[in-house]
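Q: predicted model, plus sequence, below.
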Amino acid sequence: MNTMNYKGYVARIEYDERDDILVGRVLGIKTILSFHAADVAGFRAEFEVAINDYLSDCQQRHEAPEKPASGRLMLRIAPELHARALLMAEASGLSLNKWTEGVIRSAT
């Protein structure tokens, strides 16, 4: 997946063959922010406009803008998997949080 970053937000880049344009969508937030351009320079500019407009709108409405991730992750997993993860973390001398962070980091 091709992505671009701006002010902590990430946009997915896709090519629309039919219209011969690059299409972007901001990932990791509930608000739908999308944009398009004919080339990479235009895509970056449109991405920045989309984020700046979004942040400006939030400020005018006195609302906090959504952030792509808070750093808190809550999971529901099978008890057996949870127990195995706890054992792996303990065997590694780490907390479950630190162990899980390492596993996720190595997978991405």
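A: Great, that's in hand.

Q: just give the nearest non-adjacent residue to the most centrally placed residue in the chain, would you?
A: The residue lying closest to the centre of the chain (C-alpha atoms, centre = their mean) is residue 28, at 3.8 Å. Distances taken as C-beta to C-beta, 6 or more residues apart in numbering place residue 68 nearest to residue 28, at 3.4 Å, with adjacent residues excluded. For the C-beta atoms, the positions are set from N, CA and C on the backbone; glycine is no exception.

Q: right, and the one you found touches residue 29 too?
A: Yes. Using C-beta atoms under 8 Å, residue 68 makes contact with residue 29 at a distance of 6.1 Å.

Q: mind giving me the packing neighbours of the longest helix along the chain?
A: Looking across the chain with DSSP state H, the single longest helix is helix 40-60. Where contact means 3 or more C-beta pairs under 8 Å, 6 or more residues apart in numbering; DSSP states H and E, helix 40-60 is packed against strand 2-6, strand 9-16, strand 21-27, strand 34-37.

Q: that concludes my questions; thank you for your assistance.
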